[in-house]
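Asker: I would like the atomic coordinates for the input below:
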Amino acid sequence: MSSKIITRISAVALGAAMIVSAAACGTSNAGSSSRSSSSAADKGVDVSSVKKDDAIAALLPSSVTKDGTLTIGTDTSYAPAEFLDADGKTPIGFDVDLGQAIANVFGLKRVTVSSTFDSIIPSVGSKYDIGMSSFTVTKERLAAVDFVTYFNAGSTFVVQKGNPKKIDTDNLCGAKLAVQTGTTQESAAHTIDKQCTAAGKKSIQIQSFKAQTDVTTAVASGKSDIFYADTPVAGYAIVQTNNTLQTIGKDVDVTPEGIVVKKGDTATAQAVQKAVQKLIDDGTYEKVLSHWGVASGAIDKAEINPSVE
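Answerer: Numbers count the residues shown, from 1 in each chain. Model prediction:
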């Protein structure tokens, strides 16, 4: 997609993902459709050297600390950020490793709960202490929850290798476009589709899947022509499908991703911000991102509720 088209996708349009999330009322465990095969290289980083920081831990409210756990909601279908190991039940990925390190700073036991992406935000502050699942920070989401930034990611289009269907990202009208439900990429797809119909062209056939693994499979099998996802996810999907897929066009919309905290829970937000900054400063953060091949998305300063376009 050309940068010109992308710049016309307003923050309001991208915020439709938040509308989807707000409408979700329940959480289901991720099943076999969320599985990603893993290899020895996928095993996580040992962050046991990260110890409790009493000053940071003291910032947390009793609502978080009373049960001795840090419960994290995450969609384990989004490799390499968060996905299931070969056993089909153990969460792994760079978000999982960072979540463990944050829990260590707090002196709490990490409990990662596999959930559907669009059900996490509504459940933070009740079912989950925090949400950590590659959430892009948008104005609309900021109206509903607080964020602590920890990563930068763009968006990327992926097609079958060689682009046999001759997909043009500057003209997606009429294409079968796969996206994950509740993502900013799904919202962008609907915005582009409106542009197609307004121009009198064929509508985009938007195919929305709960799990990113199903999005990837749809393109690999030919059910969909192209998919749109976060850049690190797209790159990992290509590797995991033995390079039967390829990116197309340029990466677009590089924006911050954040850890989700209940709106107005200033104490937890401050504790998470200080914990992430501590991991950045002591090198743990870089070690984790480098292990998973996503160091290009590293930040040097964790922020609470940053300004976004």
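Asker: pretty sure S133 is touching A81, no?
Answerer: Yes - judged on CB atoms under 8 Å, S133 makes contact with A81 at a distance of 7.3 Å. For every residue, glycine as well, the C-beta is placed using N, CA and C.
Asker: show me which of these two is the more surrounded one.
Answerer: A81 (28 against 25; other CB atoms under 10 Å).
Asker: just the pLDDT for that one.
Answerer: With respect to pLDDT, A81 scores 94.
Asker: again, but for the one 10 residues further on
Answerer: In the prediction, the pLDDT value recorded for P91 is 95.
Asker: report the beta-bridge partners for the nearest residue to it once chain neighbours are set aside.
Answerer: Counting by CB to CB, 6 or more residues apart in numbering, T112 is the residue found nearest to P91 once chain neighbours are left out, at 4.5 Å. Counting by DSSP bridges, T112 is bridged to I72.
Asker: show me what contacts T112?
Answerer: Residues near T112 by CB atoms under 8 Å, 6 or more residues apart in numbering: I72, T74, T76, E82, P91, V96, G99.
Asker: 10 Å instead, please
Answerer: 70-74, 76, 82, 90-93, 95-96, 99-100, 103, 128, 132 (CB atoms under 10 Å, 6 or more residues apart in numbering).
Asker: ok, now how distant is it from K43?
Answerer: Going from T112 to K43 by CB to CB, to the nearest Å gives 16 Å.
Asker: could you do V219 as well?
Answerer: 27 Å.
Asker: how about stretch 238-248: buried residues?
Answerer: Buried residues in stretch 238-248, counted by 16 or more other CB atoms under 10 Å: I238, Q240, T241, L245, T247, I248.
Asker: quick one: average confidence on that stretch?
Answerer: 88.
Asker: hang on, the earlier thing: got a ChimeraX select line for the buried ones in the contacts of T112?
Answerer: This is the ChimeraX syntax for the buried subset of the contacts of T112, where burial follows 16+ other CB under 10 Å:
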select :70,71,72,73,74,76,82,91,92,93,95,96,99,100,103,128,132
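Asker: and the strands in the stretch 1-150 of the chain?
Answerer: 69-74, 77-78, 82-84, 91-92, 109-114, 130-136, 145-160 (DSSP state E, counting those that start in this stretch).
Asker: mind pulling up the pLDDT for the residue nearest to the spatial centre of the chain?
Answerer: Residue closest to the average C-alpha location in the chain (CA atoms, centre = their mean): S134, at 1.9 Å. At S134, the model reports a pLDDT of 93.
Asker: what's the closest non-adjacent residue to it?
Answerer: A81 (4.7 Å).
Asker: so who does that neighbour touch?
Answerer: 74-75, 93-96, 98, 132-134, 151, 153, 212, 230, 232-233, 236, 257, 292, 294, 297.
Asker: and I238, by the same measure?
Answerer: T156, V158, K161, T216, A220, T244, L245, Q246, T247.
Asker: pull up the gap between the third one and Y228, please.
Answerer: Put plainly, it is K161. On the measure of CB to CB, K161 and Y228 end up 17 Å apart.
Asker: and if you look at the fifth one?
Answerer: Separation of A220 from Y228 (CB to CB): 15 Å.
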